[in-house]
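> build the 3D model from these lines:
(one chain, ligands or ions: 2)
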Amino acid sequence: MKVTNAEIVISAVSQKQYPNDQLPEIALAGRSNVGKSSFINKLINRKNLARTSSKPGKTQTLNFYKINEAFYFVDVPGYGYAKVSKKEREKWGVMMEEYFQTRETLKAVFLITDVRHEPTRDDIQMYDFLKHFDLPVVVVATKLDKIPKTKRAKHLKRTIQTLQVESDDIVLPFSSETGEGKEEAWGILKQYI
Ligand code: GTP
Ligand code: MG
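Residues are numbered from 1 along each chain as shown. Ligands and ions are numbered 1, 2, ... in the order given. Below is the predicted model:
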C-alpha cells in the first residue's frame, strides 16, 4: 500500500475516547521497548510519527493512527517493564481488557517479539490472552538485523515453540532497521483491512 496520509487521531486512555468512524483497526502488542512503534513507522515510511525511544515505556496510551483514511494502526503500551508500579500495571490491565475484549473494529493483532530472545512469560500470556478473545494474531519477530543469517531459523523456531503458535498463525521475521519483512507485513495486513 502506498501511504499518502498518516496522522495521529487520538491518544486514548478509555473506551469513550476511541474513534467511532468504524474503520478497521490493526493493533500492535508486545513487551516494552520491543519495537512496536518502530514497526508502525517502518510500514508507513515515517521516521517518528509513532514516538519511539531507547527507554522502555514510551507509549503509555492507546494511540490511534489513521492511515490513508482507510484503517487505523493502534499503538498499545508495552508490558513487562520492571520499573512500573503495581498501580500502573493494574491501570494497563484494565485498559488492555477494555480494548481487546470489546473492540469490534479490531481485525487483527500484530504481536511483536524480539527474535534474539526466547519469548517471556508475559509474551506467552499475551499470546494466550489474544487467542482467548478469538483475535487473529500475527507474530512479528523483530530486530532480525541483530542476529546473523545463519542463526535466524533457529531463533524463529524457538519463538514458535515457546509461544506454542497455532499452525494457522503467521510468524513474520522483520526488521525496522533494514525493512526486511515489510512487504510481507503489508501483504498480511491487507487481508484484514
Ligand atoms: P514502548 O512504547 O516503550 O512500549 O516501546 P516500543 O515497543 O514502541 O519500542 P520502540 O519502537 O520505541 O523501539 C525501542 C528501541 O528499539 C528503539 O531504540 C528502536 O530504535 C529500537 N528498535 C526497534 N525495532 C528495531 C529493529 O528492528 N532493529 C533494531 N536494531 N532496533 C530496533
Ligand atoms: Mg512505543
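> excluding its backbone neighbours, what's nearest residue 62?
Once flanking residues are discounted, residue 62 sits nearest to residue 12: 4.6 Å by CB to CB, 6 or more residues apart in numbering. All C-beta spots, glycine's among them, are computed from the backbone N, C-alpha and C.
> for that neighbour, grab the count of nearby residues.
By other CB atoms under 10 Å, 18 other residues sit near residue 12.
> would you check how far apart it and ligand 2 are?
Per CB to the ion, to the nearest Å, residue 12 is found 15 Å from ligand 2.
> in the protein, which residue sits furthest out from the middle?
residue 150 (26.2 Å; CA atoms, centre = their mean).
> how about that one, secondary structure?
helix (DSSP: H, G, I helix; E, B strand; the rest coil).
> how close does it get to residue 4?
39 Å (CB to CB, to the nearest Å).
> now residue 138
24 Å.
> the two - which one has more neighbours?
Between residue 138 and residue 4, counting by other CB under 10 Å, residue 138 is the more crowded of the two (19 against 9).
> pretty sure the more buried one sits in a strand.
Yes - counting by three-state DSSP, residue 138 is part of a strand.
> isn't it right next to residue 111, touching?
Yes - counting by CB atoms under 8 Å, residue 138 touches residue 111, with 7.1 Å between them.
> longest strand anywhere in the protein?
Secondary structure assigned by DSSP state E gives strand 106-114 as the longest strand of the chain.
> I figured the residue nearest to residue 62 hits residue 60, correct?
No - applying CB under 8 Å as the test, residue 12 and residue 60 come out as separate, 11.0 Å apart.
> who's in contact with the closest residue in space to residue 4 that isn't next to it in sequence?
The shortest distance from residue 4 to any non-neighbouring residue, by CB to CB, 6+ apart, is to residue 68 (5.9 Å). Residue 68 makes contact with 1, 3-6, according to CB atoms under 8 Å, 6 or more residues apart in numbering.
> where does the most centrally placed residue in the chain sit: helix, strand or coil?
Geometric centre of the chain, nearest residue: residue 28, 2.0 Å, by CA atoms, centre = their mean. Classification of residue 28 by three-state DSSP places it in strand.
> correct me if wrong: it contacts residue 72.
No - between residue 28 and residue 72 there is no contact under CB under 8 Å: 11.0 Å.
> which stretches of this protein have low pLDDT?
Scanning the chain for pLDDT under 70 picks out 56-58, 82.
> strands of that one, residue ranges please.
6-12, 25-30, 62-67, 71-75, 106-114, 137-142, 170-173.
> in JSON lines: these, plus distance to ligand 1.
Output for the strands of the chain, formatted as JSON lines (distance: least, CB to the nearest ligand atom, whole Å):
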{"stretch": "strand 6-12", "distance to ligand 1": "12"}
{"stretch": "strand 25-30", "distance to ligand 1": "6"}
{"stretch": "strand 62-67", "distance to ligand 1": "9"}
{"stretch": "strand 71-75", "distance to ligand 1": "7"}
{"stretch": "strand 106-114", "distance to ligand 1": "6"}
{"stretch": "strand 137-142", "distance to ligand 1": "5"}
{"stretch": "strand 170-173", "distance to ligand 1": "10"}
